[in-house]
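Visitor: give me a 3D structure for the following:
(chains A, B and C)
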Amino acid sequence: MIRSRKVTVVASTVLVCSMVSAALLLHKVDQEPPAATLQQMLYISSPKLLKRLSLGYEGLLADIYWTRTVQYFGGTHRRGGGTYKLLWPLLNITTQLDPHLIPAYEFGGTFLLAKPPEGAGDPAKAIELVQYGTQMNPTDWHLFYDLAFIYYDLKDYRHAAQAFLRGSQLPHTHLFLKVMAAQMAQHGDDLETARMMWSETYETTHDKMIKANAAAHLRVIQVDEDVSALEKLVQTYRERTGHFPKTFSEMVSSGFLRGIPLDPLRHPYRLEPGGKVVVTNPDALPFLDKGLPSDYVPSPAPKLTPEN
Amino acid sequence: MNAIEILGLEKIYNAGFWRKRSKRALRPLTLAVDDGEIFGFLGPNGAGKTTTLKILMGLVFPTAGTARILGMELDDPRMKAQIGFLPEQPYFYDHLTARELLKYYGQLSGVDPKQLSRKVDAALEQVKLSNSANLQLRKFSKGMLQRAGIAQAILHDPKVVFLDEPMSGLDPMGRREVRNLIEDLKANGKTVFFSTHILSDAEALCDRVAIINQGELRGIGAVPELTASVHGKVEIVWQGAAVPTGIRSMGAQCHSAGDTTRLILPEENQDTALEALRRERLRLISVVPVRTSLEDYFVAQLGTAAKSEVVSSELVTDGHNRLSKQ
Amino acid sequence: MNNRILHIATNTFREAVRDRVLYNLIAFALLMSAAAVLVGQISIQIEKLVVINLGLTAVSLFGIVIAIFIGIGLVSKEIDKRTLYTVLSRPVRRWEFIAGKFFGLAGTLVVNTIFMGIGVFAALAYVSHHFESSDFGILVALYFIILQFVVITALALLFSSFSTPIFAPIFAFWLFVIGNFAQDLRTFAAMAHGTTRVLATAAAYLVPNFSALNVISQVAHGEPVPHRLILLNTAYVLVYSAAVLSGAVMIFERRNLK
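Guide: Below you'll find the model as predicted:
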């Protein structure tokens, strides 16, 4: 059977040679700019269809898509950024396939939020993604935390506060969220919520630092409210008399006030020219925003200078 | 020159998942077929006939031994252009018509394209399929398929024709036609090697036969040579219904019909029987030697069990298998 | 091409045609007309996108099913029906038989794809009334689809040469799926360490790479396919199929046709 042996020798030589060249060519294909080959990641771009086509193996498929997302983001980033056009579709597919893939929301949100060239710079999509995550995983406080930070980044303190608040009510949550909710509420001028949050924190915590912090914030809210109310009163006074009061005593004697108003630390408020209401002892009231004296210079924090 | 030479061919099939169980399909087989003869390859089913043919056709590789056809190696394409093969119970591309099938095979055999059409028509004529030439093979009956199979085996004017069970599936008319065809091939100087389990066909056609059982050659030679070794029989007929006691004691079966009685008995008992008839003064009508047939030889060689398989066809497997199953 | 290979290829093609394989074109035509008519009513602005995506996906899937189901029968059916005996007892070498079968089915698929390609363009003409130069990319996508069929045909033939008709399609389809994730597989392999890395890399390069052959969505968005990729993919498919067919020949060459 000499002939058959000859065929076998030829065939095995061809087999080895062509397999080696196939591997080399594949290596070259991989080096091609990914635009050409990454499109196929979205061969089927409808997550719903993909889910059906995955025949119940969507978990594995989601993991694969998540890996692709990371590869895509990393690759685009490495090449100095770009449009990240496929980032949202990839993340959308990944999370639709496996709605419980928490890292996809956490990192995906960050990727989408960051401004180019660091990310896609698409906060709306970032919010949509993480919000979907919170709907699918309503008991995972991490996602609320992430959502809140996206809002914070957009200076939407009201929504940030809501997200922190919802996150703070979940099991195994971090106390920090409650603090943050209060902080955001305060930032967003939602003093009612802020007060509620801070008092709750004050009541529930056993940590002295946090307690002191909550108390300080509650005082600030108090000052905030006092100052707003007093300034309103000053305005009324001005409308009635035609001029600003010089002191609160003036207002007391005219019957506008029953006594000199005191801040939460029992220090009297005072009036600045032009009707501005300020505290007398700003150093005792950290975090203060409203009610700071115009000439107030915050006590300098200890600075590390070469001389020290 | 020998058309076919088989030298110590042996085939062991490994069966089972790990190929541990082995089955010996062919013990070392050696035989030679002369140029221009009709050679019958006889044996019960599973004897190794088809295995031998498959080895010769290069479909199965032998475990040991070699064979040559027309003096060339089995994988030599030049040799393959000069042989024809009809497999057992052939089945063909049923999407083709008979004519297309033959054209395709002609092309594969390297028939000159100019002569192809003519040769196809001739082959169709020879097997009497001209009327169905343009019918798709899926509409063919078993007998028609067998004819188409024979047509493809002889189409390219081969020097040696291998036929595996060419008569099976044919009606008596078809069998006679195939016999005539094989005789025609011989008349045209071809060598025909055919396997069969139908003894009468072999006996009527073959110059020489080989008998194989359980993968082993049991006898080879011209039919008269083989049968000569078996003792013959005689038929004795006499008048009247009486059977002499001498004959009765031999245990032979007598058949009475009308006014005569008939008896068949081994040659060596002939004298004793005639002596008995003479003593009873019965009138002898005839003493005729019965021609010894291949069938007798078969029985002598393989025993009645094997013989019944040979004659009664596909329903039974070989004796070896049956024993191992018990 | 060697005459015998040509004859076997022609017969394989004829068998496929007479076994009504091309009937799939009717289903395809219906699908394309329905898509062309309906898509204008249910979606805005993306008619063209849908027609290209749906059309090319259907071309690919129809062809893959044909390639697998006919491909795995190419050798095993001939053995089962013993038609192979009368072929191999002629001056036909076994490798010629494999090559003929391969070219026959590949040819069938090429013809099928050409018809389907015409269908896609017809549907496209119906929805967008004119062609743009970026539509040339559809031809590239069709070409890549044909390249996929070539690889799958070779693989099906390989499985057909040693496996049963039950397992062969499963193997072939499995490899098709894996091949679509070949790029991910290589990425995963690159992340492993030690022996695992060596084995995983070997496996990743051994499976067919279909991922670079899918440019459907890219051309649907009118993005050009780099010429270099066309060249590399062609070369890859040629050598990979050659390797697979050599494997098939090596197996088939030693096979006892019981």
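
Visitor: isn't A:Tyr132 right next to A:Thr95, touching?
Guide: Yes. Using C-beta atoms under 8 Å, A:Tyr132 is in contact with A:Thr95, at 6.4 Å. Any C-beta I mention is one placed from the backbone N, CA and C, and that applies to glycine too.

Visitor: more neighbours: which of the two?
Guide: A:Thr95 (25 against 17; other C-beta atoms under 10 Å in any protein chain shown).

Visitor: now do the more buried one against C:Ser217, distance only.
Guide: Look at A:Thr95 and C:Ser217: by C-beta to C-beta, to the nearest Å, they are 20 Å apart.

Visitor: quickly list what the residue nearest in space to the middle of chain B is bridged to.
Guide: With distances taken as C-alpha atoms, centre = their mean, the residue of chain B nearest its centroid is B:Thr196 (2.7 Å). Beta-bridge partners of B:Thr196, counted by DSSP bridges, are B:Leu42.

Visitor: that one contacts B:Ala202, correct?
Guide: Yes. The criterion here is C-beta under 8 Å, and B:Thr196 meets it with B:Ala202 at 5.5 Å.

Visitor: which residues are common contacts for these two?
Guide: Taking C-beta atoms under 8 Å, 6 or more residues apart in numbering or on different chains as the criterion, B:Thr196 and B:Ala202 both touch B:40, B:42.

Visitor: residues shared between the contacts of A:Tyr132 and A:Thr95?
Guide: A:Tyr105.

Visitor: three-state assignment of the spatially closest residue to B:Ile220 that is not a sequence neighbour?
Guide: Nearest non-adjacent residue to B:Ile220, counting by C-beta to C-beta, 6 or more residues apart in numbering or on different chains: B:Ala210, 4.4 Å away. Look at B:Ala210: counting by DSSP: H, G, I helix; E, B strand; the rest coil, its state is strand.

Visitor: wait, B:Ala210 touches B:Glu37, no?
Guide: No. The pair B:Ala210 and B:Glu37 fails to qualify as a contact (C-beta under 8 Å) at a distance of 11.7 Å.

Visitor: ok, those two, which is more surrounded?
Guide: The residue with more neighbours, out of B:Ala210 and B:Glu37, is B:Ala210; 25 against 18, by other C-beta under 10 Å.

Visitor: give me the pLDDT for that one.
Guide: Predicted confidence (pLDDT) for B:Ala210: 92.

Visitor: sec struct for A:Gly80, please.
Guide: coil.

Visitor: sorry, that was for C:Val198
Guide: helix.

Visitor: what about it, neighbour count?
Guide: Neighbour number of C:Val198 under other C-beta under 10 Å is 12.

Visitor: from chain A, how far off is it?
Guide: Separation of C:Val198 from chain A (C-beta to the nearest C-beta, to the nearest Å): 13 Å.

Visitor: ok, B:Arg24 next?
Guide: For B:Arg24, the distance to chain A - C-beta to the nearest C-beta - is 21 Å.

Visitor: who does A:Arg270 form a beta bridge with?
Guide: A:Val278.

Visitor: got the contact list for B:Thr52?
Guide: Applying C-beta under 8 Å, 6+ apart, the residues near B:Thr52 are B:6, B:9, B:26, B:29, B:41, B:195, B:212.

Visitor: what's the following helix or strand after whichever strand or helix holds it?
Guide: Here B:Thr52, judged by DSSP states H and E, is contained in helix B:49-56. Sequence-wise, the next helix or strand downstream of helix B:49-56 (DSSP H and E) is strand B:64-69.

Visitor: run the angle between that following strand and helix B:49-56 for me.
Guide: Relative orientation of strand B:64-69 versus helix B:49-56 (axes from the mean of the first three to the mean of the last three C-alpha atoms, to 10 degrees): 70 degrees.
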